[in-house]
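K.L.:
Predicted model and sequence below, questions to follow.
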Amino acid sequence: MGTHQGTDAQLRDLVFVVEDDDDVARTICDTLRKFEYETEHFRRGGELLRRVTRKKPSVCIIDLGLPDLDGLDVLRNLHEMGVATVVVTGRGDVTDRVLGLELGADDYVVKPFEPRELVARIASVLRRLQRSSSVGSGSAGHFSGWTFDVDALSLTSPTGKTIGLSRAEAQLLEVLARANNRVLSRDFLLDAVGAASTFDRTIDVRVSRLRQKLERDPQNPEIIRTVYGSGYLFASSVQWTRRGGLPR
Ligand code: CA
């Protein structure tokens, strides 16, 4: 696992690379660093997923053939957590690629590839993400009788009452809801919502506002639970639908 950090590391896009072939990983990471990306390399899918709950990368590069987990499962997990992905597949198998894209991969390259081609794909994914940040994705989440309309910044209660959300609340709710029963740390959430502050309480304050709106008893939350010492967990299962038919 190698971390490359420059003095202006916080201005760079962080790319996580999960690849069990060290030679391929080295080529990818070296090329990315030449183009001013910061990289972290993982040999196993499990290592990557654990790291992603602590630190959110701008994009993950995923080799589908991993020694521990099925690359497609890793992809599905990352998609649920709202992490952008570029798939590297050595299988050259159309079915895998189609599956990859259906599971939410943002792009893919087939081995052997020109490292610069991969860099170009990453740059284009990042540009696309900047244009359509998560609010504006046209999605609606349905959980415990509630409907969360991401674009409209609104919640509709089980009794049909509409409650407005601030953009910041909607962003946080979307990240929590997409993580689907996974505990997310405050650091991860701060990163994910792009909060300017690195002050832990930013997330706690937003969670508490969301609970006032969502929970039957905000003191005894059933939907957004606190996991002591770890972070927060969205405890309802969520079904996502698309309002406008836009990707993601
Ligand atoms: Ca492999």
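P.N.:
Everything's here; your move.
K.L.:
Does Glu169 touch Leu210 like I think?
P.N.:
Yes: the pair Glu169 / Leu210 is scored as a contact, 5.6 Å apart, by CB atoms under 8 Å. For glycine as for every other residue, the C-beta is placed from the backbone atoms N, C-alpha and C.
K.L.:
More neighbours: which of the two?
P.N.:
A direct count of neighbours by other CB atoms under 10 Å for Glu169 and Leu210 places Leu210 higher, at 23 against 19.
K.L.:
Tell me which helix or strand that one sits in.
P.N.:
helix 201-214 (DSSP states H and E).
K.L.:
again with Leu233
P.N.:
strand 231-234.
K.L.:
Could you tell me which strands sit next to the helix or strand following that strand in the sheet, and their orientation?
P.N.:
Next along the chain after strand 231-234, taking DSSP H and E as the criterion, comes strand 239-242. Strand pairing for strand 239-242, determined by DSSP bridges: strand 139-143 (antiparallel).
K.L.:
And for the partner strand, what's in contact with it?
P.N.:
147-151, 174, 177-178, 223, 236-243, 248 (CB atoms under 8 Å, 6 or more residues apart in numbering).
K.L.:
So which bits of that strand are buried?
P.N.:
139-143 (16 or more other CB atoms under 10 Å).
K.L.:
Next: stretch 113-120.
P.N.:
Neighbour counts using 16+ other CB under 10 Å place 113, 115, 118-119 of stretch 113-120 among the buried residues.
K.L.:
any idea which of these is closest to Thr159?
P.N.:
Relative to Thr159, the closest of these is Leu118; by CB to CB it sits at 50.0 Å.
K.L.:
got the contact list for whatever residue of the chain ends up closest to the ion?
P.N.:
Closest residue of the chain to the ion, CB to the ion: Gly65 (3.7 Å). The neighbours of Gly65, taking CB under 8 Å, 6+ apart as the test, are 20, 71, 89-91.
K.L.:
Sort out for me which of the residues you listed are in helices.
P.N.:
Counting by DSSP state H, the part of the contacts of Gly65 found in helices is Gly71.
K.L.:
In strands only, show me the contacts of Gly65.
P.N.:
Among the contacts of Gly65, the ones falling in strands (DSSP state E) are Thr89.
K.L.:
Would you list the buried entries among the contacts of Gly65?
P.N.:
Buried residues within these, counting neighbours by 16+ other CB under 10 Å: 71, 89-90.
K.L.:
related to what we said a few turns ago, show me which of the contacts of Gly65 neighbour the ion.
P.N.:
Residues of those in contact with the ion (CB under 5 Å from the ion): Asp20.
K.L.:
Switch the contacts of Gly65 over to JSON lines; also include distance to Lys56 and pLDDT.
P.N.:
What follows is those, written out as JSON lines (distance: CB to CB, whole Å; pLDDT from 0 to 100):
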{"residue": "Asp20", "distance to Lys56": "23", "pLDDT": "94"}
{"residue": "Gly71", "distance to Lys56": "20", "pLDDT": "87"}
{"residue": "Thr89", "distance to Lys56": "24", "pLDDT": "79"}
{"residue": "Gly90", "distance to Lys56": "27", "pLDDT": "71"}
{"residue": "Arg91", "distance to Lys56": "28", "pLDDT": "57"}
